[in-house]
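Trainee: Show me how the following folds:
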Amino acid sequence: MMSYDRYLAICRPLHYASLMDRRLCFRLAAGSWINGFIGMSVYIPLMSQLIFCGPKDIDHFFCDVSPLMKLSCSETKTMELVTTIFSSIFTLPPFMLTLTSYILIVNSIMRIPSTTGKKKAFSTCSSHLLVVSIFYGTLIIVYVLPKTEKLRKLNEAFSVFYSILTPLINPLIYSLRNREMRKALRKFLGKFVKLLRPQEI
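Mentor: Numbering: from 1, shown residues only. All right, here's what the predicted structure looks like:
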């Protein structure tokens, strides 16, 4: 959604307001929610059929599918196959759409004659591109690539990137780029500092 938004802002700036309206924003958000719901509606019944008879400690920082499968004493090949298929379906197409958007964006930026215009356009999308690269890179490593012993050990660290770091960074990047938001934050911090100072009697 964000890469499409950046594409419209840079490649079709005059049509941005008419194309990126509330109805389209709602549809894009609803599409993401429906994808997540479809994925979980398949995972949950399959996970509920697994038998757990061994240790109860998950070797992970949250209850993810792969660490849960390791604890199961029943056959998990079907679940592993579904995980690989779903990971490919829900990760690769959005990644390809994002990649296509950024190829078009970079192509459009390179045609801007002024250096200032190029810098401004790149600064608009560079932070999102960095977050997207971290998000998709770690997701593909954890869920799509073959499970080697070295990657298994790193998967927990990679999981932190896509599950905690990117959702934490995204609002900060986009809200702090907004002048009104920065002004409101300064005002809030000023009031907070005043409250912390010892009051004179």
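
Trainee: Every contact and neighbour count from this point should use C-alpha atoms.
Mentor: Noted.

Trainee: what distance separates the longest helix along the chain from the centre of its chain?
Mentor: In the chain, taking DSSP state H as the definition, the longest helix is helix 77-110. Its chain's average C-alpha position is 12 Å from that of helix 77-110, according to CA atoms, centre = their mean, to the nearest Å.

Trainee: do stretch 124-132 as well
Mentor: 11 Å.

Trainee: if you average pLDDT over it, what comes out?
Mentor: Averaged over stretch 124-132, pLDDT sits at 78.

Trainee: Name the residues of that stretch that come out as buried.
Mentor: Residues of stretch 124-132 classed as buried by neighbour count (16 or more other CA atoms under 10 Å): Thr124, Cys125, Ser127, His128, Leu129, Val131, Val132.

Trainee: Helices - which of those land there?
Mentor: Thr124, Cys125, Ser127, His128, Leu129, Val131, Val132.

Trainee: Could you export those as CSV, including distance to Phe86?
Mentor: Listed next are those as CSV, based on distance: CA to CA, whole Å:
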residue, distance to Phe86
Thr124, 32
Cys125, 29
Ser127, 28
His128, 25
Leu129, 24
Val131, 22
Val132, 19
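
Trainee: and which of these is nearest Leu97?
Mentor: Val132 (11.7 Å; CA to CA).

Trainee: Sketch out the low-pLDDT regions of the chain for me.
Mentor: The chain contains residues with pLDDT under 70 at 146-150, 173-181, 196-201.
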